[in-house]
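**Q** Provided below for reference: sequence and predicted model.
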Amino acid sequence: MSGNDMMLKKKERIEWIDVARGIAILLVILGHSLEMGSMVRMCIYSFHVPLFFVLSGFFYKYGAFLPFLWKNVRQILIPYALTLFVRYIIYVLLKRMAWKVALQKCFCTIFAGMIMSNEQVGPIGELWFLVTLFGVRMLFWIISKCCRENEMSRVLIVLLAVMCELYLSQNWQLSLWYVPWCLDIVLVAVGFYYMGYLLKKRDGILTLTRNMRYILPCCLIWGLGVCRGISLELVFRSYPGEFTSLVVAVAGSIICCAVAYRLDKIKVVKNILAWMGRGSLIILCIHHLEKDLIVYGGLPLGWRLFGIRLALILLGYLLFCAGKQVSHCLMAKIVV
């Protein structure tokens, strides 16, 4: 393979993965706008969050711990903390919360990282995904460090972690909602992350998405799972069918990747989704603020709410991108 072919291949991978992330974040917003129990919501929840972990695992590369830690702090924890800080600033400005109370609750919420709230700690809401992703990456680095090049050991440890979470969810489901930083969800999410890592090897994910012989069985598995009512509610520690739900989630993720890979022919849609995918974590943070702060005046759950919510979120993302571009221009002028 020539150097140009390798560059094109690398660019192609990055592009369709951005499209897949764009689809996933769009489904997150849609899923939060539909009624529980609806078929569309069930289809979405059968794979959309696991898809994020699979795509993240695709880019895992073992390296020194401190650079790896700082990279994830910069990419995940700083946006997480800043989003909560902005939320409590808005509480002070619009809800007249006292500064002292707001700062105290802000820092307690950041460090506790719990889904449920009490008098001292606020809920982290949709940001549970960020702390979970950080925990998954750290756990997988530790597993890789312990296993070195022994792939079988890594498989066994990841499988043991997944089984531990499935056991915990059956016996202490409600109590797990108070676990800091969603450390229990990390145990099952690392399985999806590892699947993405495995699919990267030898272009496995590209082989799956290009060949209909592999896509059709995935469609069958996913379709049967959805028909049986299997959908994952990771935040509620709900895994219907246990391992069956995990297999259905992986199958749905592969189907979504295949769709993203084939959207190249629809340039406008592909470009919009890729743009959203590149900023999926920022969009999630904006969605958290929107969902927490905006009251829609009794507007019922449904497609209309989704349209309004999506418009507001994309407007916020556009403003963020514009502000980022202006800051880069100012910094360039200062340097010159």
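**A** Structure's in. What do you need? Numbering: from 1, shown residues only.
**Q** quick check, central residue of this protein?
**A** Nearest to the geometric centre of the chain sits residue 52, at 4.3 Å (CA atoms, centre = their mean).
**Q** and that one, how close does it get to residue 280?
**A** To residue 280, residue 52 is 8 Å away according to CB to CB, to the nearest Å. To be clear about C-beta, it is placed using only N, CA and C from the backbone, and glycine gets the same treatment.
**Q** overlap of the contact sets of these two?
**A** Both residue 52 and residue 280 are contacted by 21, 24, under the criterion CB atoms under 8 Å, 6 or more residues apart in numbering.
**Q** picking that back up, so what's the residue nearest to the centre of the chain closest to, chain neighbours aside?
**A** residue 24 (5.5 Å; CB to CB, 6 or more residues apart in numbering).
**Q** for that neighbour, list the residues it contacts.
**A** With contacts taken as CB under 8 Å, 6+ apart, residue 24 has the following neighbours: 48, 49, 51, 52, 55, 256, 277, 280.
**Q** mind redoing it with 6 Å?
**A** Under the criterion of CB atoms under 6 Å, 6 or more residues apart in numbering, the contact partners of residue 24 comprise 48, 51, 52.
**Q** where does the stretch 151-300 of the chain have low pLDDT?
**A** Within the stretch 151-300 of the chain, the segments meeting pLDDT under 70 span 202-206.
**Q** go with 90
**A** Flagging of the stretch 151-300 of the chain using pLDDT under 90 yields the residue ranges 151, 170-178, 199-215, 229, 231, 241-242, 261-267, 295-299.
**Q** about what we covered before: looking at the contacts of residue 24, which is nearest residue 201?
**A** Using CB to CB, residue 51 is the member of the contacts of residue 24 that lies nearest residue 201, at 18.7 Å.
**Q** my read is that that closest one contacts residue 252, right?
**A** No: when contacts are counted by CB atoms under 6 Å, residue 51 is not listed as touching residue 252 (7.3 Å).
**Q** now residue 274, nearest residue through space, not along the chain?
**A** The nearest residue in space to residue 274 (CB to CB, 6+ apart) is residue 18, at 4.1 Å.
**Q** quick one: residues contacting the one you found.
**A** Residues near residue 18 by CB under 6 Å, 6+ apart: 274, 277, 278.
**Q** same deal with residue 81?
**A** Contacts were defined as CB under 6 Å, 6+ apart; by that measure residue 81 touches residue 110.
**Q** tell me the contacts of residue 128?
**A** Contacts for residue 128 (CB under 6 Å, 6+ apart) come out as 115, 182, 235.
**Q** tell me how many other residues crowd the residue lying closest to residue 188 once chain neighbours are set aside.
**A** Once its chain neighbours are removed from consideration, residue 188 has its nearest residue in residue 165; the separation is 4.0 Å (CB to CB, 6+ apart). Around residue 165 there are 22 other residues, counting by other CB atoms under 10 Å.
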